[in-house]
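Colleague: any chance you could fold what I've pasted below:
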Amino acid sequence: MTVVKDQPHSPLNFVVMWWKVLAIWLLCMVGAIANGSLRQFVLNPAIGAAWGHVLSTFLLAIIILGITWATIRWMGPADARQAWAMGTAWLLMTLVFEFGMGRFISHLSWTEMFADYNLLKGRVWVFIPIITFMAPWWMARMRGLFH
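Modeller: Here you go, the predicted structure:
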């Protein structure tokens, strides 16, 4: 499969781009799992669960943005619309992964899972889905792929 550089909207380029989007999302998930382990085994014992949650959320946002910044040219969105579509796909895959793992693997209740999204209780996890959604568009703009 050869990507046609002068035809960014060609069907072949479109298919290749989506495989790359999936691969980078999987890389972000590896980063997220490593971050969760760091929070559970290092941050929470050292600084407590509340601050561990906040710091871990910040670190994961940096991980997602860093991976996206480093790979956005390779993923190759042709325009802002494709970058937003990438972010939408990442958001949906992330939520399915997060709530699927929480519900079916960890056997958490919906109340327990949604507790991480309660800003009024100092839970800042809601910023991760927002960053995940915005990262492809934001990093593509920062890298000058489109205006």
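
Colleague: all contacts plus neighbour counts: C-alpha atoms, from now on.
Modeller: Noted.

Colleague: which SSE is the residue nearest to the spatial centre of the chain in?
Modeller: Central residue of the chain (C-alpha atoms, centre = their mean): Thr132, 3.6 Å from the mean position. Element membership for Thr132 (DSSP states H and E) is helix 127-142.

Colleague: in that helix, what's buried?
Modeller: Under the neighbour-count criterion of 16 or more other C-alpha atoms under 10 Å, helix 127-142 has 127-129, 131-141 buried.

Colleague: so which elements touch it?
Modeller: Here helix 127-142 touches helix 49-75, helix 80-100, going by 3 or more C-alpha pairs under 8 Å, 6 or more residues apart in numbering; DSSP states H and E.

Colleague: just put these in a markdown table and tack on mean neighbour count, distance to Val21 and mean pLDDT.
Modeller: Listed next are those as a markdown table, based on neighbours: other C-alpha atoms under 10 Å; distance: least, C-alpha to C-alpha, whole Å; pLDDT from 0 to 100:
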| stretch | mean neighbour count | distance to Val21 | mean pLDDT |
| --- | --- | --- | --- |
| helix 49-75 | 18 | 6 | 97 |
| helix 80-100 | 17 | 7 | 97 |
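
Colleague: now those as TSV including distance to Asn13?
Modeller: Listed next are the helices and strands packed on helix 127-142 as TSV, based on distance: least, C-alpha to C-alpha, whole Å:
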stretch	distance to Asn13
helix 49-75	10
helix 80-100	12
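
Colleague: and of these, who's closest to Ala32?
Modeller: helix 49-75 (6.2 Å; C-alpha to C-alpha).

Colleague: which strands or helices does the closest one pack on?
Modeller: Using 3+ C-alpha pairs under 8 Å, 6+ apart, helix 49-75 is in contact with helix 11-38, helix 44-47, helix 127-142.

Colleague: got a list of what Leu38 touches?
Modeller: Leu38 makes contact with Ser56 under the criterion C-alpha atoms under 8 Å, 6 or more residues apart in numbering.

Colleague: now it: how far from Gly52?
Modeller: Distance, Leu38 to Gly52, by C-alpha to C-alpha, to the nearest Å: 9 Å.
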